[in-house]
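Asker: quick one, structure for this:
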Amino acid sequence: MKKFYLQIRILILILSSGIPATANAQFMFSAGVTVGGGFLKSNSPSVGAVTTSFFVETNTVLFSEVFPRLGIIFAKDFNAIIPNVEKPYFPWVQGITFKGVTTQYFDGRYFLEEGVGLLALNDRTFSDTDNWNYGVALSINGGFDLRGFNLDGFKLGAGAEYGITFTNALQQYSSIHAFVLYTF
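Answerer: A predicted model of the protein is given here:
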């Protein structure tokens with residue numbers, strides 16, 4: 001668990017120390033959350049899961065059309081939220097993603113955004129398993145932009161995310177989710 005928090009601190013440091021906010025003409029900072037369902041898999045059959053994530057993003061002068069997004073993901077066996085299920089252990093995963101996200105707008109306020117990036121995933125599919133796996137995460141979201149002219153406000157929508165690791169147990173997760181994003 002300490003390694004997980006250390007990795008989060010390192011990614012936040014990298015994200016925040018790159019370029020000062022005054023370097024960009026219009027600095028934007030956004031935070032969002034997703035909630036949905038999907039599956040998780042390791043050296044095991046697929047398990048239906050409840051998924052959630054929290055993410056932050058900002059703009060940089062390095063890329064005008066790509067926003068760096070740092071996210072924390074969590075997925076746990078769907079049976080964990082069903083009342084009166086007496087299982088000794090429910091498989092789960094947690095991890096962090098660092099993606100580049102780009103957005104296209106269609107006919108006013110409708111949008112489609114795509115993201116691709118790096119993934120660090122903590123494998124907890126079995127009670128005696130606790131290892132970190134590294135790979136890639138891909139996402140696609142679509143929705144409605146409620147922000148005004150000054151770009152402060154909400155974006156709402158739905159999307160999908162897929163993550164696969166290439167080390168240790170070749171762990172995977174997927175999520176079909178609803179999301180909300182607020183730009184400050």
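Asker: so for the nearest residue to Phe166 once chain neighbours are set aside, what's the pLDDT?
Answerer: In space, and not counting its chain neighbours, Phe166 is closest to Gly135: 4.8 Å by C-beta to C-beta, 6 or more residues apart in numbering. Where you see a C-beta, it was placed from the backbone N, CA and C, and this is true even at glycine. We note a pLDDT of 96 for Gly135 in this prediction.
Asker: what sits against the residue positioned nearest the centre of the chain?
Answerer: Closest residue to the average C-alpha location of the chain: Gly71 at 4.3 Å, with C-alpha atoms, centre = their mean. Listed by C-beta atoms under 8 Å, 6 or more residues apart in numbering, the contact set of Gly71 reads Ser53, Phe54, Phe55, Val56, Ile96, Thr97, Phe98, Lys99.
Asker: looking at those residues, which is nearest Arg124?
Answerer: Distance to Arg124 across the contacts of Gly71 (C-beta to C-beta) is lowest for Ile96, with 14.6 Å.
Asker: now name the helix or strand holding Phe111.
Answerer: Phe111 is part of strand 110-124, with elements assigned from DSSP states H and E.
Asker: that strand: which residues count as buried?
Answerer: By 16 or more other C-beta atoms under 10 Å, the buried positions in strand 110-124 come out as Phe111, Glu113, Glu114, Gly115, Gly117, Leu119, Ala120, Leu121, Asn122, Asp123, Arg124.
Asker: so which elements touch that strand?
Answerer: Other elements packing on strand 110-124 under the criterion 3 or more C-beta pairs under 8 Å, 6 or more residues apart in numbering; DSSP states H and E are strand 67-77, strand 92-106, strand 131-145, strand 153-165.
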